[in-house]
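Asker: predicted model, plus sequence, below.
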Amino acid sequence: DAGVIQSPRHEVTEMGQEVTLRCKPISGHDYLFWYRQTMMRGLELLIYFNNNVPIDDSGMPEDRFSAKMPNASFSTLKIQPSEPRDSAVYFCASSFTSVNPTDTQYFGPGTRLTVL
Amino acid sequence: AQSVTQLGSHVSVSEGALVLLRCNYSSSVPPYLFWYVQYPNQGLQLLLKYTSAATLVKGINGFEAEFKKSETSFHLTKPSAHMSDAAEYFCSAGGTSYGKLTFGQGTILTVHP
């Protein structure tokens, strides 16, 4: 398996622009997670989906952030408009957790976002 | 709410020395505990996990962790550090909110020759 795939790996944009981050989870996994990692705040869970349905979006910082999962093999995290404080590494992770909450989350390589 | 605390944001050891990374959790519910490792410019990968079976858990790359309920701890150890162990290590806990993990702040391990 190719693992969790994220694109782009690096994104540099200017303040006010729309940014879309993409994720392809591991085939067969039913949970998908979006995390943000910064030096100041560490690793934060933004939102997660189960069977393409958002379960908990309490970590989404504000209305400028939105996430979708139109099908089992694709998810997007969008920031509109972007701000310099959104600069971070964004990770996508997936897991197969039908009835066992101990199942491992598999992380993608991340997207390093820089907002100028 | 569940929380995970990693004591020491930076740990430095010499090659061949013992590695000890500390993790404490707070929860009224027996947790499921994980250690992840993050190498530079990569995502997190699982080192080991505790699932209420054996309290001493062995993971990849010679790492192990011991669950101590009385101390609410899940410290990570390795008898002999290798240069390739230099990375950031994250302790995390799950089980109270299905599918969701709570991560500690991370500990950066530096290994000196």
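Answerer: Cool, the structure landed.

Asker: quick one: the one helix or strand B:L48 maps to near chain A?
Answerer: Following DSSP states H and E, one finds B:L48 within strand B:44-50. Yes - counting by CB under 8 Å from any CB of the partner chain, chain A is contacted by strand B:44-50 at B:44-46, B:49. To be clear about C-beta, it is placed using only N, CA and C from the backbone, and glycine gets the same treatment.

Asker: stretch A:63-77 near chain B anywhere?
Answerer: No - Stretch A:63-77 is not in contact with chain B by CB under 8 Å from any CB; minimum separation 13.8 Å.

Asker: wait, A:E44 sits on A:Y35?
Answerer: Yes - with contacts counted by CB atoms under 8 Å, A:E44 reaches A:Y35, the gap being 6.3 Å.

Asker: between the two, point out the one with more neighbours.
Answerer: A:Y35 (27 against 15; other CB atoms under 10 Å in any protein chain shown).

Asker: what strand or helix carries the more buried one?
Answerer: For A:Y35, the element it lies in under DSSP H and E is strand A:31-38.

Asker: and the contacts of that strand?
Answerer: Applying CB atoms under 8 Å, 6 or more residues apart in numbering or on different chains, the contact partners of strand A:31-38 are A:23, A:25, A:43-50, A:67, A:69, A:75, A:77, A:87-97, A:105, A:110, B:99.

Asker: run the angle between that strand and strand B:44-50 for me.
Answerer: Going by axes from the mean of the first three to the mean of the last three CA atoms, to 10 degrees, strand A:31-38 is angled at 110 degrees with respect to strand B:44-50.

Asker: now do strand A:31-38, average pLDDT.
Answerer: Over the span of strand A:31-38, the pLDDT mean works out to 94.

Asker: what lines up beside that strand in the sheet?
Answerer: Within its sheet, and counting by DSSP bridges, strand A:31-38 is paired with strand A:42-50 (antiparallel), strand A:88-95 (antiparallel).

Asker: so for B:F63, which of those sits nearest?
Answerer: The closest approach between B:F63 and any of these, judged by CB to CB, belongs to strand A:42-50 at 19.4 Å.

Asker: in chain B, what residue is nearest chain A?
Answerer: In chain B, the residue that lies nearest chain A is B:G43 (3.4 Å; CB to the nearest CB).

Asker: run a quick neighbour tally on the closest residue to that residue other than its chain neighbours.
Answerer: If the residues on either side of it in the chain are set aside, B:G43 comes closest to A:F107, at 3.4 Å by CB to CB, 6 or more residues apart in numbering or on different chains. A:F107 has 23 neighbouring residues, counting by other CB under 10 Å.

Asker: what pLDDT is listed against A:F107?
Answerer: 93.

Asker: coming back round to it: so which bits of the strand holding B:L48 are buried?
Answerer: For strand B:44-50, a neighbour-count test (16 or more other CB atoms under 10 Å in any protein chain shown) marks B:44, B:46-50 as buried.

Asker: quick one: strands adjacent to that strand?
Answerer: Strand B:44-50 is paired, per DSSP bridges, with strand B:32-38 (antiparallel).
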